[in-house]
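Engineer: Need coordinates for the below:
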Amino acid sequence: MEKPKVRLYVDQPLGAGQAVAIGPDAANYLFNVMRLGKGAAVALFNGRDGEWRAEVAEAGKRQGIAICQSQTAPQVMPPDLWLMFSPVKKDRTAFIVEKAVELGVARLMPVATRHMNSERWRVDKQTAHAVEAAEQCGATFVPAVEDLQPLDRALANWPEGRVLFWADESLARGSSMPSALVAGPAAILIGPEGGFSEDEKSRLRALPFVRPLSLGPRILRAETAALAAVVMWQRAVGDWA
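Structural biologist: Got it, this is the predicted structure:
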């Protein structure tokens with residue numbers, strides 16, 4: 001059976017024989033952009049029920065219906081890893097979100113820091129980036145995307161039992177410290193382009209759940225640091241181990 005050419009995220013239940021409503025945006029993409037019609041196959045996922053092969057039963061200009069036929073991939077959840085980062089310039093923030101989804105992050109947590117150089121953060125827009133990345137990379141899960149919050153608030157409400165690995169640029173030219181990475185609920189904190197303030201560094205160093213992490217011999221840009229840290233954690237104790 002030929003693999004569907006189009007993969008689409010839907011926020012509806014999926015199962016054998018389930019009818020799935022196709023809304024205006026998806027209908028425009030499927031039927032106008034991709035030129036699919038009645039009888040065409042499409043791959044659907046919702047972040048809960050795995051991936052399903054579905055057949056288009058109705059194809060209109062602004063809506064349609066697809067009927068689920070068979071599951072083509074089981075639901076695969078990412079490791080319990082959160083990515084905390086300070087938003088950067090528009091395109092580079094979108095890059096962080098996209099690559100975090102591809103690498104397997106469970107939650108995206110933007111935090112406002114003293115030297116943050118961008119306050120642009122729209123949950124709906126970044127969720128759309130996350131969905132698009134999941135559609136493209138074959139993931140069956142879309143990470144939760146949170147509202148921007150101050151770093152102090154995030155630290156004050158930190159959940160018990162979750163380790164926070166802080167990418168500390170002052171450790172550049174040190175070792176990558178792979179032994180510091182441990183399995184279990186975790187988060188990675190990446191700072192802004194201007195780095196953390198001295199007050200922020202002092203607070204982070206004083207918290208018992210925070211573990212400084214070196215990302216190698218060079219100081220990395222924020223988006224590079226986010227990718228490097230996630231890859232390091234995934235390779236050591238995540239689902240790449």
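
Engineer: Can you tell me the closest non-neighbouring residue to the residue nearest the centre of the chain?
Structural biologist: What sits nearest the mean C-alpha location of the chain, by CA atoms, centre = their mean, is Val101, with 3.4 Å. The shortest distance from Val101 to any non-neighbouring residue, by CB to CB, 6 or more residues apart in numbering, is to Ala133 (3.8 Å). The way it works is simple: take the backbone N, C-alpha and C, and place the C-beta from them, glycine included.

Engineer: State the mean pLDDT of whichever strand or helix holds that neighbour.
Structural biologist: Here Ala133, judged by DSSP states H and E, is contained in helix 123-137. For helix 123-137, mean pLDDT is 96.

Engineer: In the chain, where is pLDDT below threshold?
Structural biologist: The chain contains residues with pLDDT under 70 at 1, 173-179.

Engineer: check contacts around Thr72.
Structural biologist: By CB atoms under 8 Å, 6 or more residues apart in numbering, the contact set of Thr72 is Ala43, Gly50, Glu51, Trp52, Arg53.

Engineer: Could I get the full set of helices for the protein?
Structural biologist: Secondary structure of the chain (DSSP state H): helices at 24-27, 90-103, 123-137, 151-156, 198-206, 222-237.

Engineer: Among these, which comes closest to Met84?
Structural biologist: Minimum separation from Met84 across the helices of the chain (CB to CB) falls at helix 151-156, 6.7 Å.

Engineer: starting at the chain centroid, how far to the closest one?
Structural biologist: 21 Å (CA atoms, centre = their mean, to the nearest Å).

Engineer: What residues of it count as buried?
Structural biologist: Residues of helix 151-156 classed as buried: Leu151, Ala154, Leu155 (neighbour count, 16 or more other CB atoms under 10 Å).

Engineer: where's the residue lying closest to the first one once chain neighbours are set aside relative to Glu135, distance?
Structural biologist: Going back to what we said before, that points to Leu151. In space, not counting the residues next to it along the chain, Leu151 is nearest to Val111; the distance is 4.4 Å by CB to CB, 6+ apart. Noted for Val111: a distance of 27 Å to Glu135, by CB to CB, to the nearest Å.

Engineer: Which one's more surrounded, these two?
Structural biologist: In terms of neighbours (other CB atoms under 10 Å), Val111 is the more surrounded of Val111 and Glu135; the figures are 22 against 17.

Engineer: May I have the beta-bridge partners of that one?
Structural biologist: Note on Val111: beta-bridge partners by DSSP bridges are Gln149.

Engineer: residue contacts, it?
Structural biologist: Val111 neighbours (CB under 8 Å, 6+ apart): Met84, Phe85, Ser86, Leu148, Gln149, Pro150, Leu151, Ala154, Leu189.
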